[in-house]
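Here is a sequence with its predicted model. Questions after.
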Amino acid sequence: MRVLRFDPARGILSEASVLEERPASGPRHGAFQPTRPIMWILNELDSTMTTCEWDSERGTLRPSQIISTLSTTFAGNSTAA
């Protein structure tokens with residue numbers, strides 16, 4: 001996942017950082033927590049959610065937790081789309 005920085009004076013985007021995702025996780029959707037420096041990423045292919053710490057000064061995301069979106073008793077096929 002690429003993190004872009006916007007320069008309003010010049011009206012351009014530039015790359016701030018790259019978050020290397022786990023192979024075959026399939027990041028699909030991301031959402032920021034409105035009052036804390038946290039972002040959640042929903043991973044479609046392996047039905048997990050990654051919690052990341054957001055550093056706005058550096059423009060970086062650091063994964064801190066990965067959890068399944070499925071119950072422990074789920075036995076079918078799933079995608080987290």
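It's in.

how about the nearest residue to the one residue sitting closest to the centre of the chain, chain neighbours excluded?
With distances taken as C-alpha atoms, centre = their mean, the residue of the chain nearest its centroid is Ile41 (3.2 Å). Nearest non-adjacent residue to Ile41, counting by C-beta to C-beta, 6 or more residues apart in numbering: Thr50, 4.4 Å away. Glycine gets a C-beta too; all of them are placed from N, C-alpha and C.

same check, this time on Arg62
Glu53 (4.7 Å).

so is the one you found in a helix, a strand, or just coil?
At Glu53 the chain is in strand, as set by DSSP: H, G, I helix; E, B strand; the rest coil.

Show the contacting residues for it.
Pro37, Ile38, Leu61, Arg62, Ser64 (C-beta atoms under 8 Å, 6 or more residues apart in numbering).

from memory the residue nearest to Ile41 sits against Trp40, does it?
Yes - counting by C-beta atoms under 8 Å, Thr50 does reach Trp40; the two are 7.0 Å apart.

Show me which of the two is the more surrounded one.
The neighbour comparison of Thr50 against Trp40 (other C-beta atoms under 10 Å) goes to Thr50, with 22 against 14.

Secondary structure element holding the more buried one?
strand 48-55 (DSSP states H and E).

Please name the nearest non-neighbouring residue to His29.
Counting by C-beta to C-beta, 6+ apart, the residue nearest His29 is Leu42, at 4.4 Å.

my guess is that neighbour contacts Pro27, does it?
Yes - checked against C-beta under 8 Å, the pair Leu42 and Pro27 is within contact range at 7.4 Å.

And the closest residue to Gly26 other than its chain neighbours, how far from Leu13?
The spatially closest residue to Gly26, leaving aside those adjacent along the chain, is Leu45, at 3.1 Å (C-beta to C-beta, 6+ apart). Distance of Leu45 to Leu13, given as C-beta to C-beta, to the nearest Å: 27 Å.

Alright, I will stop here.
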